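> build me a model from this:
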Amino acid sequence: MGRLEGKVAIVTGAAHGMGASHAISLAREGADVALVDIRQDIPDVGYPMGTEEELNKVAEEIRAMGRRGIGIRCDVRKSDDVERMAQRVIDEFGKIDILVNNAGVAAVATPLWEITEEQWDTIIGVNLKGTFLCCKYVLPHMIKQQSGKVINIGSIWGREGGVGSGPYSASKGGVHNLTHSLAKDCAPYNINVNAVGPGAVSTPMIQGLTGVAAKWAGINEEELYGTLCRMYHIFGREVLPQDVSNAVVFLASEESRNINGMVIYVDGGHLSA
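Residues are numbered from 1 along each chain as shown. Sure thing, here's the model as predicted:
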């Protein structure tokens with residue numbers, strides 16, 4: 001029996017990359033999963049969001065395991081969308097045990113004074129407001145059942161900042177502090193709230209941003225990605241989506257029942273260097 005047998009999970013940004021990995025990993029441990037994604041391009045971030053085809057493929061993979069999996073279109077920046085999404089999960093599955101706030105966007109490294117207001121609003125809206133709205137509409141259901149696990153996806157750049165990553169770092173720093181605060185609010189209801197802080201993970205977002213940056217700098221994309229691995233991972237190897245998903249599954253399980261308000265960094269040892 002899996003560690004999450006009988007549980008129901010929501011994973012946002014689940015069409016590809018880390019979100020898809022989290023969803024499949026939770027299902028592998030026994031959870032039924034609602035896969036949430038916007039299924040369209042978001043302007044001015046330099047790479048595509050998950051597609052409907054990708055989302056359906058992840059849902060099919062989960063169903064092939066004998067678990068229930070559904071795809072839901074939802075813009076996490078919009079209150080009405082998120083409220084409808086949470087209610088649909090309740091209608092389909094009857095409860096919500098796990099919320100993984102994974103949906104996130106970044107922009108190609110840009111000095112803050114060159115960031116447009118639209119880019120700022122998009123990044124803060126998806127990464128921070130989206131986390132807030134999903135918590136706002138899911139937590140009442142967890143409070144009612146007096147149990148739940150919330151896992152927010154932060155970043156090493158939410159702790160130390162990064163060159164040309166002002167709005168992204170600000171949004172992920174906000175996610176970390178929201179996690180700390182919300183953990184205190186939710187503890188009386190037997191709800192754990194924690195975060196995972198990845199480093200530079202091999203995902204469509206990182207690949208897309210690396211490609212744009214390499215073209216801008218006039219260097220080879222693979223060479224740039226190798227440089228990033230050496231800079232950010234003291235082991236000198238990639239951090240894969242599955243590495244982050246392993247932490248997500250742990251935080252979703254009863255093994256983490258006395259861990260609350262923490263950020264677990266999965267960064268190849270970067271912050272320890």
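> going by C-alpha atoms from here, please, whenever you check contacts or count neighbours.
OK.
> packing partners of the helix or strand in which residue 181 is found?
For residue 181, the element it lies in under DSSP states H and E is helix 166-186. Contact analysis of helix 166-186 by 3 or more Cα pairs under 8 Å, 6 or more residues apart in numbering; DSSP states H and E lists helix 117-124, strand 148-153, helix 157-160, strand 191-198 as its packing neighbours.
> that one to helix 117-124, inter-axis angle?
30 degrees (axes from the mean of the first three to the mean of the last three Cα atoms, to 10 degrees).
> picking up where we left off before, tell me which of the helices and strands packed on helix 166-186 approaches residue 171 most closely.
helix 117-124 (5.3 Å; Cα to Cα).
> follow-up on the earlier one: in the helix holding residue 181, what counts as buried?
Of the residues in helix 166-186, 166-180, 182-183, 186 count as buried by neighbour count, 16 or more other Cα atoms under 10 Å.
> next one: stretch 83-91
Buried residues in stretch 83-91, counted by 16+ other Cα under 10 Å: 83, 85-87, 89.
> and for stretch 187-198?
For stretch 187-198, by 16+ other Cα under 10 Å, it's 187, 190-198.
> what about it, average pLDDT?
Average pLDDT, stretch 187-198: 97.
> can you give the contact residues for that stretch?
Residues outside stretch 187-198 that contact it (Cα atoms under 8 Å, 6 or more residues apart in numbering): 142-143, 146-156, 176, 179-180, 182-183, 186, 244, 247-248, 251, 257, 259-267.
> starting at the chain centroid, how far to it?
Averaged C-alpha coordinates place stretch 187-198 at 14 Å from its chain's average position (Cα atoms, centre = their mean, to the nearest Å).
> C-alpha coordinates for that stretch, PDB please?
The C-alpha coordinates for stretch 187-198 follow below in PDB (Å, rounded to 0.1, in the frame of the first residue of the first chain):
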ATOM      1  CA  ALA A 187      -1.900  24.100  13.100                       C
ATOM      2  CA  PRO A 188      -5.000  24.200  15.300                       C
ATOM      3  CA  TYR A 189      -6.900  22.400  12.500                       C
ATOM      4  CA  ASN A 190      -4.300  19.600  12.100                       C
ATOM      5  CA  ILE A 191      -3.100  21.100   8.800                       C
ATOM      6  CA  ASN A 192       0.600  21.100   7.900                       C
ATOM      7  CA  VAL A 193       1.800  23.900   5.700                       C
ATOM      8  CA  ASN A 194       5.400  23.600   4.300                       C
ATOM      9  CA  ALA A 195       7.300  24.500   1.200                       C
ATOM     10  CA  VAL A 196       9.900  23.000  -1.100                       C
ATOM     11  CA  GLY A 197      12.600  25.400  -2.500                       C
ATOM     12  CA  PRO A 198      14.100  24.000  -5.700                       C
END
